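Peer 1: Quick one: sequence plus predicted model below, questions after.
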Amino acid sequence: MSSIGNRLERRWVTALKAAVIALAVLCSVGPLLYGVLLSIRPLADVIARPLDLLPSFGELDLTSYTTALKSESDDGFGLARFMGNSLGVALATTALAIACSVLGAYAAVRLRFFARDTVNGLFLAVYLLPGIVLAVPLFVFFSRIGLAGSLTGLVLIYLAQTIPVALYMLRNYFLAVPASVEEAALIDGCGRLGLIRRVVLPMALPGIMATSLYVFMIAWNEYLFALLFLVSDREQWTVALGIAQLTEFSVPTTVLMAGSIAITVPIVVLFFWAQRMLISGLTVGAEKG
């Protein structure tokens, strides 16, 4: 009887786990799926039947995507151009931040210098400052040097935002690289830069990929500094500003949903492309950190 009771208990536990997982997936994916379905329906049909989830094949309409993406001269909202601006800013920020952070994090882990532990603690202390506190001084400074209202100035702002946390993340990954491997390479005559390029970077590549994805998402989604620096020049807008304009009452709901889905696609594609290395990198950092 006890064995039968144990089997029933395990079945109940398994069923309860499955129900909890299904509910969590429904709560997470449900709103996104509803947004996708809204974006491919005609506005008149959405207004008439807003709670319908599965439109018929004849009701499918992709004009909301073309309206959101095409330029203002073609009666659109210019989201494609804003996505291009954001892509350039995010790629430049990621490349420069990782290049600086790799060297800084390696120095913090392997090199001996005065107040090293204090410097390591300051990595996150700088990042913990709220962006709103730095917004006005940075705007005044960049206005005086002529970089306010430019994507170049925005990249420099994002570098200041992301390098401290990237340094801290990469530091944990570099700690997972065995020091004995580096010592063997140095004994074989490998220089310090060659050691980083040939030994450290390949072994810490999962962590670098994880950090790169994190930095890219920050630069892609950031709104406060983009609004402060670029609001006066629509040609320079990023996706954060572009999607904000779609929240106006005059913009159809279907266009808002289409724009939201469109700017999410690059992040989703990038995440799935780097998923295996991202998970591996986070696991290594967690084990060592």
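Peer 2: Arrived safely.

Peer 1: Output stretch 212-225 in CSV with nothing but the alpha carbons.
Peer 2: This file holds the C-alpha atoms of stretch 212-225, laid out as CSV (Å, rounded to 0.1, in the frame of the first residue of the first chain):
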residue,chain,number,x,y,z
SER,A,212,28.4,41.3,-24.9
LEU,A,213,24.8,40.4,-25.1
TYR,A,214,24.1,42.2,-21.8
VAL,A,215,25.8,45.4,-23.0
PHE,A,216,24.0,45.2,-26.4
MET,A,217,20.6,45.0,-24.7
ILE,A,218,21.4,48.0,-22.5
ALA,A,219,22.4,50.1,-25.5
TRP,A,220,19.4,48.9,-27.6
ASN,A,221,16.8,49.6,-25.0
GLU,A,222,18.1,52.7,-23.2
TYR,A,223,15.7,55.6,-23.2
LEU,A,224,16.6,58.4,-20.8
PHE,A,225,19.9,59.6,-22.4
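
Peer 1: buried ones in that stretch?
Peer 2: Within stretch 212-225, the residues scored as buried using 16 or more other C-beta atoms under 10 Å are Ser212, Leu213, Tyr214, Val215, Phe216, Ile218, Ala219, Trp220, Asn221, Glu222, Phe225. Glycine gets a C-beta too; all of them are placed from N, C-alpha and C.

Peer 1: Distance of Leu227 relative to Tyr106?
Peer 2: Distance, Leu227 to Tyr106, by C-beta to C-beta, to the nearest Å: 35 Å.

Peer 1: And those two? Which one has more around it.
Peer 2: Counting neighbours by other C-beta atoms under 10 Å for Leu227 and for Tyr106 shows that Tyr106 has the greater number, 22 against 15.

Peer 1: The strand or helix carrying that one: how far from the chain's middle?
Peer 2: Per DSSP states H and E, Tyr106 falls inside helix 79-110. From the chain centre to the centre of helix 79-110 is a distance of 11 Å (C-alpha atoms, centre = their mean, to the nearest Å).

Peer 1: likewise stretch 162-182?
Peer 2: Stretch 162-182 sits 20 Å away from the centroid of its parent chain (C-alpha atoms, centre = their mean).

Peer 1: who touches the spatially most central residue of the chain in this structure?
Peer 2: The residue lying closest to the centre of the chain (C-alpha atoms, centre = their mean) is Met217, at 1.6 Å. Taking C-beta atoms under 8 Å, 6 or more residues apart in numbering, we find Met217 in contact with Ile267.

Peer 1: How much space separates it from Ser143?
Peer 2: From Met217 to Ser143 the distance is 28 Å (C-beta to C-beta).

Peer 1: swap in Leu91?
Peer 2: From Leu91 over to Ser143 the distance is 26 Å, taken as C-beta to C-beta.

Peer 1: Repeat that for Ser39.
Peer 2: The gap separating Ser39 from Ser143 is 39 Å, by C-beta to C-beta.

Peer 1: what's the answer for Phe229, then?
Peer 2: The gap separating Phe229 from Ser143 is 9 Å, by C-beta to C-beta.

Peer 1: more crowded one of these two?
Peer 2: Using other C-beta under 10 Å as the criterion, Phe229 and Ser143 rank with Phe229 on top: 24 against 13.

Peer 1: close enough to count as contact, the more buried one and Phe142?
Peer 2: Yes: using C-beta atoms under 8 Å, Phe229 makes contact with Phe142 at a distance of 7.1 Å.

Peer 1: what touches both of the two?
Peer 2: Ala148, Gly153, Ile157.

Peer 1: With pLDDT as extra columns, can I get those in JSON lines?
Peer 2: What follows is these, written out as JSON lines (pLDDT from 0 to 100):
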{"residue": "Ala148", "pLDDT": "83"}
{"residue": "Gly153", "pLDDT": "90"}
{"residue": "Ile157", "pLDDT": "91"}
